[in-house]
Every structure is written in structure tokens, then in C-alpha cells.
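>>> next come a sequence and a model predicted from it.
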Amino acid sequence: MTAALTIAFVPGVSPAKWVRVWRERFPDAELGLLPIGPADVDQALTGEADMAFARMPVGAHLNAIPLWTETAVVAMPKDGSLASADVVTEADLADVHVVDAGPVPDDVSAALDLVEANVGVVVLPQSLFRAASRKDLVAKPLDGAAGTRIALVWRDADASDTTEEFIGVVRGRTANSSRNTADRPGGTTSADDDGSRVARGGSGTGRGSDGDARSGGGKATAKQASGGKAGGKGARKPRGSGRPGTQRLGNGKPKRGSKGNR
């Protein structure tokens, strides 16, 4: 089956819970998944992917909904001098060799190899440390660190009713929300549903904490005035505009997105 929507995701981000909801809600609309490297977001979006889970900052040409903030941790050997501490401070790091001060090492695997060799410590997102599964290492939170922000990003060219449906899934909208009613006008945006707007590019930050996207609470930040034309990608095209994949089926199921006929 040709994917109605293809979602890329960087290491440390699992889309599994949203995939489950999508498949329950739209069993006839196949969702494709594309694991990518941390620096491959633009390449994926200009190619096969319609949307991507990425770490901020991203390019100003992309629309972004900031979702949650990852905890910054310090990876160290289990028998290291800081291993008994509950948290690590910047002052603590002054007394050890820091292989990579983060926030995201260019090569996580190589950096952790050096930590395992007892060369020093590494600062990285907790999700990446967990994904690496290094049994001889431990990770302690870095006190006062800003952490890294995960966002759902996409291009204007790939906006469709199908991408709007996926945004709804990520933000916790229910299947019975107003966006899914049979008399929903094709030209109405999801931003009109809850008064929220998407953020443009890497400089926007969302309100709330890590749980905003997961629980559906909170709102994304307003689109910055310098971020491009008003309404951004969220603005829906009216029916009959000629754009493929932007109209919805009468039974509420999304059609294929702009890349769905690959």
C-alpha cells in the first residue's frame, strides 16, 4: 500500500504511540516511517518525508510545532568520580575531562566509546543515552541545563488535510473533535479549532512543559511576524483548488498527502 503520509524521525525520538493512534483512527490511510540522522531533516523533507520529528533549532524555512524538552544528562562510567551524585553541576564538570559538552554530540556512538574507555564524560540528551544502551555507563542530569527541544516540522509544500490530521493526533485531539465532523468546511484550519498557531523555524519556543504534546494540553507558540506570510502552512486551501491530496473523503478519512503518490 502506498503511504498516505510519511513521517521521518531523528534518533532518540520514537513515534510509536502516535502511529498506534493513527492506525486506529485511519486504518485505511497507511502511515510510513523513515528513521533519519540528526542532520538529515532537510534532505528527508525534500525527498520522501512529509513531516519529521526533529531537534530544534531547524531552518527558518520550516514550520515547527515545539513539543517537549529533553533532559540533558552527563554520561560517565559506572565507577566514575561523579557516578554517586544525584545530579551533576557545571562546577563538577570543571574537575573532569569533558569529551563533548553537547547539547548533542556530532557522533554519539563515538563519544560514548570514549567515555567507556574512561577518557572523560559526555553531555547529551537523555533519550539518546537511553537509545545507545551502554550497560557500563550511567547518566546523571546536568543541573541548570536548558535541554534540547523536540518539534514536529514540515514544509509549506507538503501541507495538506492529511498533515493536519497527524498534527491533531500528536496534539491529542480526539476522533470526535470538531475537525473530524462530517460538516467540517474544507477551508478551515486546525488553528481555528483551538486558537493556536504553529511556530516558524528554529527560533520559536512553545509554552508549557514536556507533557504538552503528549497530553494534548497547552498551545504552540504564535507564528513570529518575521516567519513569512500570515497563516503559514496551516491555512487550508478551499475545495476545488486543484491541489492534489488536500480534500477530505466524505467519511472523514484523509486522502494521500502531497507525496502520497510516490
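Noted; the coordinates are in hand.

>>> got a pLDDT number for residue 4?
What the model reports as pLDDT for residue 4 is 89.

>>> residues near it, how many?
26 (other CB atoms under 10 Å). All C-beta atoms are positioned from the backbone trio N, CA, C, and that covers glycine.

>>> ditto for residue 99
Residue 99 has 19 nearby residues by other CB under 10 Å.

>>> pretty sure it is touching residue 121, no?
Yes - with contact defined as CB atoms under 8 Å, residue 99 reaches residue 121; the gap is 6.6 Å.

>>> anything in contact with each of the two?
residue 115 (CB atoms under 8 Å, 6 or more residues apart in numbering).

>>> how is this protein carved up into domains?
Using automatic domain parsing, the domain ranges for the chain come out as 5-69+149-234, 72-141.

>>> ok, then the element right after the helix or strand where residue 19 lies?
Per DSSP states H and E: residue 19 is located in helix 16-25. Downstream of helix 16-25, the next assigned helix or strand under DSSP H and E is strand 31-35.

>>> let me know the angle separating that next one from helix 16-25.
Orientation of strand 31-35 against helix 16-25 (axes from the mean of the first three to the mean of the last three CA atoms, to 10 degrees) gives an angle of 160 degrees.

>>> buried sites along strand 31-35?
31, 32, 34 (16 or more other CB atoms under 10 Å).

>>> in its sheet, what does that strand sit against?
Here strand 31-35 is paired, per DSSP bridges, with strand 5-9 (parallel).

>>> which residues does the strand it pairs with contact?
15, 19, 29-36, 40-41, 44-45, 48-54, 162-163, 166, 254, 256-257, 259-260.

>>> weed out the non-buried ones from the residues you listed.
Buried by 16+ other CB under 10 Å: 15, 29-32, 34, 36, 40-41, 44-45, 49-54, 162-163, 166, 254, 256-257, 259-260, out of the contacts of strand 5-9.

>>> show me the contacts for residue 120.
96, 97, 98, 99, 114.

>>> in the chain, which spans are helices?
For the chain, applying DSSP state H gives helices covering 16-25, 41-46, 90-93, 108-116, 126-132, 161-170, 190-194, 212-215.

>>> who wins for proximity to residue 65 among these?
helix 161-170 (6.8 Å; CB to CB).

>>> which elements pack onto the closest one?
strand 5-9, helix 16-25, strand 63-70, strand 148-154, helix 190-194 (3 or more CB pairs under 8 Å, 6 or more residues apart in numbering; DSSP states H and E).

>>> next, the angle helix 161-170 makes with the first one.
Taking the same axes, to 10 degrees, one finds that strand 5-9 is oriented at 50 degrees with respect to helix 161-170.

>>> same deal with the fourth one?
Relative orientation of strand 148-154 versus helix 161-170 (the same axes, to 10 degrees): 150 degrees.

>>> kind regards, and thank you for your time.
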